[in-house]
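> Pasting a predicted model and its sequence here:
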Amino acid sequence: MSSVVEEIRETARQLLADGKVDVVIGYEKGTLPLKATPCFVRTAQNVDKLIWDETCENNLAAFSYKIPGKKAIITKGCDSRALVVLLQENQLVKDDLYIIGVSCQGVVDKRKIENELGEIIEATITDGKISVKGMSGSGEFTFAEVKDATCQTCRYPNPVIEDIHLGGTVEVPEEAVLFADVLEMEAKSDSEREAYFGEQMDKCIRCYSCRNACPLCYCQECFVDCNTPRWLTGGVNRAENLFFQAGRVLHLAGRCVDCGTCSRACPQGVDIRALNRKMSRDVLEMYQHESGISEDVKPALNVYSGDDPEAFLVKE
Amino acid sequence: MKISKEKFGQSIDALSSDYRLIAPVSEAGGVNYKAVKNFSDVKQDYLNSKLPPKSFFFPQHEKLLSYVKNGKDVTVKNELQAEKTILFGVRPCDSKGLLLLDKVFKNDQYQDPYYYERRKNTVVIGMACKTIAPTCFCSSMGLSPASSEGADIFLIDLGDSYELEIITEKGKALLGDLGLSELSAQEQALVDAVKSAQTTSQVDVSTITEKLDKMFDNPYWENLQEKCLGCNTCSFSCPTCHCFDISEEVRQNSGSRVRTWDACMAPLFTLHGSGHNPRSTQKARWRQRMMHKFNYFVHNNGDIACVGCGRCIRSCPVNMDMRQVIDGVNKAELVVE
């Protein structure tokens, strides 16, 4: 067991014993290989369930406003950014929150493994190597090979707010070009992009796991569920699916923290993040705003300046 | 008895002017059932499809009727389409799933014309599983990787040929006299092995219905669902989930009445027009999911509405595992009144 896990358990034990929190929101081992699952620890005897490793893929900030009482949350970099946005948007009371910060090396993208070896039967992670027995064969991967796409471009592996930090920190690699993936997408022709996003939207089954996994999709009534007026039908086709996905991205403008949990939650493997990344880059380019970095920086949509770019309206 | 794959394929292709062929194909993100032109386009080695084939009988979004208004005249068009179809390569869990859907949509009291016509016009060719996923638990649900329940014709893959069994009159009528040959001793051994295989993952549902009779008010439901995101993934990927919503899609002078899959995990499912929601918590929704599948459905239709395909387990973003939930019901302490 890594020392961080021991520290997490000890901290959780102490917080519960001192009555500082009612619940510790963290991860426990899941029932599937390479899959941790969110867990809610309320008593000292359950503290030893808590784990922390490369399989802790959910963004626990999504539970922060759903679980009542005072709570401690195991928080990686992207989760902490979501908490900042939630605090800014008055969705959380800071006094009810105890942020247990942990630095994150990234999480495993099981799909990359399953594409090669089929459904995973068994897997072990030792010293950065992942040995997998799959339905169609066995193999070994380095963590870098199967790291989630989000984590490959992550610039905030260390929590931006925390009440306590456990374990070491992760060095942020200097990225030669920010948003290289978006630039690559922008360089494509209209028809190439249409083909790519068309194929992605064809896969969507409108299960809304992306929306529900997203820590920042907290609307009491989502526009897709609204029927007076009805913004879109339940039709599962390219146009309606894109309307949903694009609508969701627009609602996350200046808010999305690029945690990638939407793409990981998707059972169909839709590249949802590609749309979010484009939005994030536009917000950064046009408004010099990066969401969830500091509580003191007003969100882009809440700031009006006479100099705001209006290239979409008039030549500038 | 067996038939070569080549000869079997020729027989299926010969029916292509009368039947559309729906079969597993490989596409981005996994295997799914799709309309294919030729038998040679069918994917032969697949574990199971990502989504069950129920949508060919009960589409996710289906136009029931459409209408055009012209002054006071209204022209209504029935939108029912039910092409003659061969549904090839259905796994035992999914063919049993169709039998369970039959209990809802074509029973003694009620026949849903849309479902019923498609079901009537479809011949189901089942296929035994030669590989079993760690999340499969059909053996616990009264099935096995080689059970032919719900299939009209049932096949076991022998490499270059299939062991073929005609199950129903419908199946017999489809293929006619195929000129089957005997299995070799080696092939017979393979067939026996496939037929005796069991899933490695097991659950105990022997007393779950009776247990749930006494569990409507039970603390077990309190924290069970805490991590559930309330999305529709498990319901949409389930071969037996069948809840739907009927709505009107209206334009100025025309419109249609549509039926869309709905799911009990979502708050909107039970939201009344008044704003009241009788199932207002995820706790109540999870209890409903378990009660419907393992209790109400059994009382109403004599069968558990779960076939152990494991899709809900594989696709859940937070690893809610039906096997664990079943186990939890078994272990739950009853509240003495």
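Everything's here; your move.
> What score does residue 200 have for pLDDT?
Picking chain A for this. Looking at residue A:200, its pLDDT reads 95.
> hmm, I had chain B in mind actually
pLDDT at residue B:200 comes out at 92.
> Quick one: residues contacting it.
For residue B:200, the contact set (Cβ atoms under 8 Å, 6 or more residues apart in numbering or on different chains) comprises B:132, B:134, B:136. Using the backbone N, CA and C atoms, a C-beta is placed for each residue, glycine as well.
> Which parts of the chain belong to which domain?
Picking chain A for this. With domains defined by automatic domain parsing, chain A comprises A:1-107+A:156-174, A:110-146, A:176-316.
> you looked at the wrong chain, it should be chain B
As given by automatic domain parsing, the domain ranges for chain B are B:2-196, B:208-331.
> Just put these in TSV and tack on distance to residue A:191.
What follows is the domains of chain B, written out as TSV (distance: least, Cβ to Cβ, whole Å):
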stretch	distance to residue A:191
domain B:2-196	18
domain B:208-331	30
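> burial count for residue A:177?
Applying other Cβ atoms under 10 Å in any protein chain shown, we find 9 residues neighbouring residue A:177.
> Am I right that it is in contact with residue A:183?
Yes - in this structure, residue A:177 is within contact of residue A:183 by Cβ atoms under 8 Å, at 6.7 Å.
> I'd like the next helix or strand past the biggest helix by length in chain B.
The single longest helix within chain B, with elements called by DSSP state H, is helix B:92-105. Later in the chain than helix B:92-105, the nearest helix or strand by DSSP states H and E is helix B:113-120.
> ok, residues contacting that next one?
With Cβ under 8 Å, 6+ apart as the test, helix B:113-120 has contacts from B:56-58, B:62, B:64, B:80, B:82, B:85, B:98, B:101-102, B:105-106, B:259.
> Near chain A, which residues of chain B are found?
Chain B comes close to chain A at residues B:28-30, B:47, B:50-51, B:60-61, B:131, B:133-135, B:223, B:226-227, B:229-233, B:236-237, B:245, B:247, B:249, B:258, B:260-261, B:263, B:266, B:268, B:313-315, B:317-319, B:321, B:323-324, as judged by Cβ under 8 Å from any Cβ of the partner chain.
> Okay, and which of those map to strands?
B:30, B:61, B:245, B:247, B:249, B:258, B:260-261 (DSSP state E).
> Please name the residues that touch the residue lying closest to residue A:211 once chain neighbours are set aside.
Spatial nearest neighbour of residue A:211, excluding adjacent residues (Cβ to Cβ, 6 or more residues apart in numbering or on different chains): residue A:217 at 4.6 Å. Residue A:217 makes contact with A:211, A:248, A:251-252 under the criterion Cβ under 8 Å, 6+ apart.
> out of those residues, which is most surrounded?
Most neighbours among the contacts of residue A:217, by other Cβ under 10 Å: residue A:211, with 25 neighbours.
> isn't that one right next to residue A:248, touching?
Yes - taking contacts as Cβ under 8 Å, residue A:211 lies within contact range of residue A:248: 6.1 Å.
> re earlier: which among the contacts of residue A:217 gets closest to residue B:112?
Nearest to residue B:112 among the contacts of residue A:217, counting by Cβ to Cβ, is residue A:211 at 30.3 Å.
> mind checking how far that closest one is from residue B:266?
Distance of residue A:211 to residue B:266, computed by Cβ to Cβ, to the nearest Å: 11 Å.
> Identify the contacts common to the two.
Residues touching both residue A:211 and residue B:266 (Cβ under 8 Å, 6+ apart): residue B:231.
> now stretch B:80-91: mean pLDDT?
Here stretch B:80-91 scores 96 as its mean pLDDT.
> Pull it out as PDB, backbone CA atoms only.
Provided in PDB are the C-alpha atoms of stretch B:80-91 (Å, rounded to 0.1, in the frame of the first residue of the first chain):
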ATOM      1  CA  LEU B  80     -46.000   1.200 -38.200                       C
ATOM      2  CA  GLN B  81     -43.200  -0.400 -40.200                       C
ATOM      3  CA  ALA B  82     -42.500  -4.000 -39.700                       C
ATOM      4  CA  GLU B  83     -40.200  -5.400 -42.400                       C
ATOM      5  CA  LYS B  84     -39.600  -9.100 -42.600                       C
ATOM      6  CA  THR B  85     -36.300  -9.600 -40.700                       C
ATOM      7  CA  ILE B  86     -33.700 -12.200 -39.900                       C
ATOM      8  CA  LEU B  87     -32.000 -11.300 -36.600                       C
ATOM      9  CA  PHE B  88     -28.800 -13.200 -36.700                       C
ATOM     10  CA  GLY B  89     -26.300 -14.100 -34.000                       C
ATOM     11  CA  VAL B  90     -28.400 -13.300 -30.900                       C
ATOM     12  CA  ARG B  91     -26.800 -14.400 -27.600                       C
END
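> hey, where'd the strands end up in the stretch 1-150 of chain A?
For the stretch 1-150 of chain A, the strands defined by DSSP state E, counting those that start in this stretch cover A:23-29, A:36-41, A:50-51, A:71-75, A:97-102, A:120-126, A:129-134, A:137-142.
> These: which one's closest to residue A:230?
When the strands of the stretch 1-150 of chain A are compared by Cβ to Cβ, strand A:36-41 sits nearest residue A:230, at 33.1 Å.
> which other helices and strands contact that closest one?
strand A:23-29, strand A:50-51 (3 or more Cβ pairs under 8 Å, 6 or more residues apart in numbering or on different chains; DSSP states H and E).
> could you redo the last one with a cut-off of 10 Å?
Counting by 3 or more Cβ pairs under 10 Å, 6 or more residues apart in numbering or on different chains; DSSP states H and E, the packing neighbours recorded for strand A:36-41 are helix A:3-17, strand A:23-29, strand A:50-51, helix A:61-64, strand A:71-75.
> can you tell which of these is closest to chain B?
Proximity to chain B, assessed across the helices and strands packed on strand A:36-41 by Cβ to the nearest Cβ, is greatest for helix A:61-64 (7.3 Å).
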